[in-house]
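Peer 1: Pasted the sequence and its predicted model underneath.
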Amino acid sequence: MRLIMAEVFNSWQGEGGSVEGSAFGRRQIFVRFAGCDLHCQWCDSKEYIDASRVSRWRYEVEPFTGKFEYRPNPASVDEVVDAVLRLDTGDIHSISYTGGEPTLQVKPLKALMERMKELGFDNFLETHGGLPELIKEVAHLVNYASVDIKDESAGATDDWKDLVLREVESIRILKEAGAKTYAKLVVTSETKLENVRWYAELLNGLAPLVIQPREPIDVPQERLMEFYGEAARIMGRKNVGLSFQVHKYLNVL
Ligand SMILES: C[S@@+](CC[C@H](N)C(=O)[O-])C[C@H]1O[C@@H](n2cnc3c(N)ncnc32)[C@H](O)[C@@H]1O
Ligand SMILES: Nc1nc2[nH]cc(C(=O)O)c2c(=O)[nH]1
Ligand code: SF4
Ligand SMILES: [Mg+2]
């Protein structure tokens, strides 16, 4: 079984804040899949969106050295498992599957998750959640899930409201399967308060929410706290948090 890979590296989880299900500050091995069906304006992984242009993938030779080796795509599941195991520093909290959008290659994603589970690792899925029918195929293998709610201002797709409803459905599926799941909302200076209210109503009683400013940050602090306050009023004060992309400030992968 083959897949289009982007990169494999060892770092600490830089996002998620402190809500339940977050692995912020935990050491992970990141497995980044190539290819995505959305086009968030602010995506920081744009070079991996068009899978047909990702002719090779890279894996870190040693954690935090910035030294990589390259292999051609498509990769085999075995090659990826080998790259992950080479980066096992013995203190790994979980394996993060990110991208691009990992669920688009659901068969190899499932095979990888099964292998890592057999090897004693927990699986952490980072997903846009827009494809609940694919989420269903892996939900039973997921220990932790970070599911994005794509704000209107992300410009991810034409029918953004329908996307939000599918993301919430994915969260429901993951929760029912027993995965510790939270929603991540990337906000910009264009984010509307009424939209934040709507997301909070959909998530109320289902999963906690982290509000993550788009990098580079353009949302004023007062606005951020206004979003926070509204979400907390609807969802409860223990179910909302802030998240920042801390790895970018520390200059690590
Ligand atoms: C590159 S995405 C890959 C996983 C999946 N496609 C998704 O969007 O959730 C990984 C995470 O990075 C976040 N992200 C990407 N670019 C960002 C930016 N410029 N500022 C803040 N968060 C960003 C996304 O919102 C998502 O939570
Ligand atoms: N350190 C670190 N934490 C992350 N959390 C989510 C990431 C991602 O790109 O999915 C990411 C990433 O690329 N690096
Ligand atoms: S869904 Fe994720 S990978 Fe795809 S464009 Fe948006 S942020 Fe980037
Ligand atoms: Mg990232």
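Peer 2: Right, received. Where do you want to start? Ligands and ions are numbered 1, 2, ... in the order given.

Peer 1: my guess is Glu169 meets Pro132, correct?
Peer 2: Yes. In this structure, Glu169 is within contact of Pro132 by CB atoms under 8 Å, at 4.3 Å. From N, CA and C alone the C-beta is placed, and that goes for glycine too.

Peer 1: Residues of this structure that sit close to ligand 1?
Peer 2: Residues of the chain lying close to ligand 1 (CB under 6 Å from any ligand atom) are 36, 42-45, 98-99, 101, 126-128, 148, 184, 186, 212, 214-215, 245.

Peer 1: So Ser243 is in contact with Val210, correct?
Peer 2: Yes. The pair Ser243 / Val210 is scored as a contact, 4.0 Å apart, by CB under 8 Å.

Peer 1: Tell me the secondary structure at the residue of the chain most remote from its centre.
Peer 2: Computed with CA atoms, centre = their mean, the residue of the chain farthest from its C-alpha average is Glu222, at 26.3 Å. Following DSSP: H, G, I helix; E, B strand; the rest coil, we place Glu222 in the helix state.

Peer 1: so what's Arg26 closest to, chain neighbours aside?
Peer 2: Using CB to CB, 6 or more residues apart in numbering and skipping the chain neighbours, the partner closest in space to Arg26 is His93 (3.5 Å).

Peer 1: Next one: the one you found from ligand 3, what distance?
Peer 2: From His93 over to ligand 3 the distance is 22 Å, taken as CB to the nearest ligand atom, to the nearest Å.

Peer 1: Next up, the contacts around that residue.
Peer 2: Neighbour list for His93: 13, 23, 26-28, 122, 124 [criterion: CB atoms under 8 Å, 6 or more residues apart in numbering].

Peer 1: looking at those, which has the most residues close by?
Peer 2: Per-residue neighbour counts (other CB atoms under 10 Å) across those peak at Phe124, which has 28 neighbours.
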